[in-house]
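**Student:** Make a model of this:
(chains A, B, C and D)
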There are 4 protein chains.
Amino acid sequence: MTSSTHPDAGAEPTRAHATPYGYIGRKDDYLKRLRRIEGQARGLQRMVDGEEYCIDILTQVSAMTKALQSVALGLLEEHLSHCVVQAAIAGGPEAQAKVKEASDAIARLVRS
Amino acid sequence: MTSSTHPDAGAEPTRAHATPYGYIGRKDDYLKRLRRIEGQARGLQRMVDGEEYCIDILTQVSAMTKALQSVALGLLEEHLSHCVVQAAIAGGPEAQAKVKEASDAIARLVRS
Amino acid sequence: MTSSTHPDAGAEPTRAHATPYGYIGRKDDYLKRLRRIEGQARGLQRMVDGEEYCIDILTQVSAMTKALQSVALGLLEEHLSHCVVQAAIAGGPEAQAKVKEASDAIARLVRS
Amino acid sequence: MTSSTHPDAGAEPTRAHATPYGYIGRKDDYLKRLRRIEGQARGLQRMVDGEEYCIDILTQVSAMTKALQSVALGLLEEHLSHCVVQAAIAGGPEAQAKVKEASDAIARLVRS
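**Tutor:** As a prediction, this is how the structure comes out:
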């Protein structure tokens, strides 16, 4: 991915938003949540390997899916509040391109 | 798309929010889709009343859910591209309030 | 759909399950819920026609989606507890065919 | 599929539930898929740590959610085709208890 497709990503290192993506301010929180999700994936392997009851495994899969969804909704809110809002302020076709791109990501989440 | 279907698209700069909502330019399309969804709800009643096979009813419920989701994703994209973008341009706390409100609506869609 | 694809549907009217589909015992309840869902579809048309706020419309779409999902989950539980259980008791390839058919319906629900 | 991979398929009529769970015949496949999902969780951490673009991260989250869902749907189908079918054949209140339990798991999947 080049800076031309994401002009706000490092094109002007001296500009105010040296870290252009909204989630970066909460990077440690996201890393912690994703490590927990990775742990859930390992827990599921132990359950399958230990031949545990299918319904108990399904309960853990649902919990893991919810945790992932929650990460996605957080990233999306920060994306709207930073990248999309900044593109709107900057004006021009970039604003509508960002809205289209965010809408496509929302559709993938709703349908997954 | 003409300024008459989207009066908020700069046609009348002195009256910022004549019809502020993005979907209104496609109102007839949404009404048509919602009438079709209403027809699907009536079709489901006929199926239940006629004691049709459960799986066939479930197939129709899934089709109707997809149609509803598609309406929701369309409304959401137009909301982002009009209300949220306009609030971002106007600036102030309103922009972040609109982002929060949209994110809550997205979360309800993803979880429903 | 012929009785050959659904051998339990009226093939032997003198058998115990003259109403073979589980949901039929709660037919009136399902009809009432589907009429309410039809009313929600009409309510959405009034909201769009009245040019109401996009987020308020989305909230109603989420409520309607949840109501539909709840109907689907009810139908599915009754399908499992009647059609699938009866096919299992009857034995033969029909049992696995019913499980496959139910699983496909569940996949459509989960992905819609 | 041999009776050694599915010992519950009638091989030992005197010990009804040696390894009662349907998914166990495909344990290696499930372990492989879950390891891949664990890898996706690690990939997401690398993306966040490398401050990659939010939308690209969301695309990966959607892919991982779909992979998890697919594991869940597979486990569920095997649960219906083994545990639920066996309980139905055994008869008694256990059959309906299994159906209720499976329906609750389906509801959690549909709503997650």
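**Student:** so where's chain A shaky on pLDDT?
**Tutor:** Where chain A drops to pLDDT under 70, the residues are A:1-20.
**Student:** For chain C, what's the nearest residue on it?
**Tutor:** residue A:111 (7.0 Å; C-beta to the nearest C-beta). Every residue, glycine included, has its C-beta placed from N, CA and C.
**Student:** what packs against the helix or strand hosting residue A:63?
**Tutor:** For residue A:63, the element it lies in under DSSP states H and E is helix A:54-79. When contacts are defined as 3 or more C-beta pairs under 8 Å, 6 or more residues apart in numbering or on different chains; DSSP states H and E, helix A:54-79 packs onto helix A:27-49, helix A:93-111, helix B:93-111, helix D:54-79, helix D:93-111.
**Student:** Let's test this: what are the backbone torsions at residue A:91?
**Tutor:** Main-chain torsions, residue A:91, degrees, to the nearest 10: phi 80, psi -170.
**Student:** which parts of chain A sit against chain C?
**Tutor:** Neighbours of chain C within chain A, by C-beta under 8 Å from any C-beta of the partner chain: residue A:111.
**Student:** can you list the residues of chain A near chain B?
**Tutor:** So chain A meets chain B at A:69, A:72-73, A:76-77, A:80-81, A:84-86, A:88-89, A:91, A:95-96, A:99-100, A:102-103, A:106-107, A:109-111 (C-beta under 8 Å from any C-beta).
**Student:** which of those residues are buried?
**Tutor:** A:69, A:72-73, A:76-77, A:80-81, A:84-86, A:88, A:95, A:99, A:102-103, A:106-107, A:109-111 (16 or more other C-beta atoms under 10 Å in any protein chain shown).
**Student:** Buried residues in stretch A:52-62, which are they?
**Tutor:** A:54-55, A:57-62.
**Student:** next structured bit after the helix holding residue A:63?
**Tutor:** Next along the chain after helix A:54-79, taking DSSP H and E as the criterion, comes helix A:85-90.
**Student:** how about that following helix as PDB, C-alpha atoms only?
**Tutor:** This file holds the C-alpha atoms of helix A:85-90, laid out as PDB (Å, rounded to 0.1, in the frame of the first residue of the first chain):
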ATOM      1  CA  VAL A  85     -13.700  13.300   9.500                       C
ATOM      2  CA  GLN A  86     -10.300  14.600   8.300                       C
ATOM      3  CA  ALA A  87     -11.100  13.700   4.700                       C
ATOM      4  CA  ALA A  88     -14.400  15.500   5.000                       C
ATOM      5  CA  ILE A  89     -12.600  18.600   6.300                       C
ATOM      6  CA  ALA A  90     -10.000  18.400   3.600                       C
END
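**Student:** So what touches it?
**Tutor:** Residues outside helix A:85-90 that contact it (C-beta atoms under 8 Å, 6 or more residues apart in numbering or on different chains): A:8, A:17, A:20, A:94-95, A:97-98, B:84-85, B:88-89, B:91, B:95-96, B:99.
**Student:** If I follow the layout properly, residue A:100 ends up in contact with residue B:80?
**Tutor:** No: the pair residue A:100 / residue B:80 is not scored as a contact, 9.1 Å apart, by C-beta atoms under 8 Å.
**Student:** Nearest approach to residue B:34 belongs to which of the helices and strands packed on helix A:54-79?
**Tutor:** Residue B:34 lies closest to helix B:93-111 among the helices and strands packed on helix A:54-79, at 16.4 Å (C-beta to C-beta).
**Student:** That closest one close to chain D?
**Tutor:** Yes: Helix B:93-111 is in contact with chain D by C-beta under 8 Å from any C-beta, via residue B:111.
**Student:** That helix packs against which elements?
**Tutor:** helix A:54-79, helix A:85-90, helix A:93-111, helix B:54-79, helix B:85-90, helix C:54-79.
**Student:** Go through those helices and name the closest to residue D:42.
**Tutor:** Of all these, helix A:54-79 comes closest under C-beta to C-beta, at 13.7 Å.
**Student:** angle of the closest one against helix D:93-111?
**Tutor:** Calculated by axes from the mean of the first three to the mean of the last three C-alpha atoms, to 10 degrees, helix A:54-79 forms an angle of 10 degrees with helix D:93-111.
**Student:** relative to helix D:27-49, how tilted is helix A:54-79?
**Tutor:** Going by the same axes, to 10 degrees, helix A:54-79 makes 20 degrees with helix D:27-49.
**Student:** Run a quick neighbour tally on residue A:82.
**Tutor:** Using other C-beta atoms under 10 Å in any protein chain shown, residue A:82 has 21 neighbouring residues.
**Student:** looking at it, it is touching residue A:24, isn't it?
**Tutor:** No: look at residue A:82 against residue A:24 with C-beta under 8 Å: they stay out of range, at 9.0 Å.
**Student:** Just list the residues touching residue A:70, thanks.
**Tutor:** Counting by C-beta under 8 Å, 6+ apart, residue A:70 touches residue A:33.
**Student:** What separation do you get for it and residue D:79?
**Tutor:** Distance of residue A:70 to residue D:79, computed by C-beta to C-beta, to the nearest Å: 26 Å.
**Student:** possible to save the helices and strands packed on helix A:54-79 as a markdown table with distance to residue D:45?
**Tutor:** Formatted as a markdown table, the helices and strands packed on helix A:54-79 follow (distance: least, C-beta to C-beta, whole Å):
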| stretch | distance to residue D:45 |
| --- | --- |
| helix A:27-49 | 5 |
| helix A:93-111 | 19 |
| helix B:93-111 | 22 |
| helix D:54-79 | 10 |
| helix D:93-111 | 26 |
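**Student:** out of the ones you listed, nearest to residue C:47?
**Tutor:** It is, among those and with distance given as C-beta to C-beta, helix B:93-111, at 14.2 Å.
**Student:** Run the chain-centre distance for the closest one.
**Tutor:** Centroid displacement of helix B:93-111 relative to its chain, using C-alpha atoms, centre = their mean, to the nearest Å, is 14 Å.
**Student:** what comes into contact with it?
**Tutor:** A:69, A:72-73, A:76-77, A:80-81, A:84-85, A:106, A:109-110, B:69, B:72-73, B:76, B:79-80, B:83-84, B:87-88, C:55, C:58-59, C:61-62, C:65, D:111-112.
**Student:** 6 Å instead, please
**Tutor:** A:69, A:73, A:77, A:80-81, A:85, A:106, A:109-110, B:72, B:84, B:87-88, C:55, C:58, C:62 (C-beta atoms under 6 Å, 6 or more residues apart in numbering or on different chains).
**Student:** now, among those residues, which is nearest to chain D?
**Tutor:** Distances from chain D to the contacts of helix B:93-111, taken by C-beta to the nearest C-beta, are shortest for residue A:109, at 5.9 Å.
**Student:** follow-up on the earlier one: closest to residue C:35 out of the helices and strands packed on helix A:54-79?
**Tutor:** Closest among the helices and strands packed on helix A:54-79, using C-beta to C-beta: helix D:93-111, at 22.6 Å.
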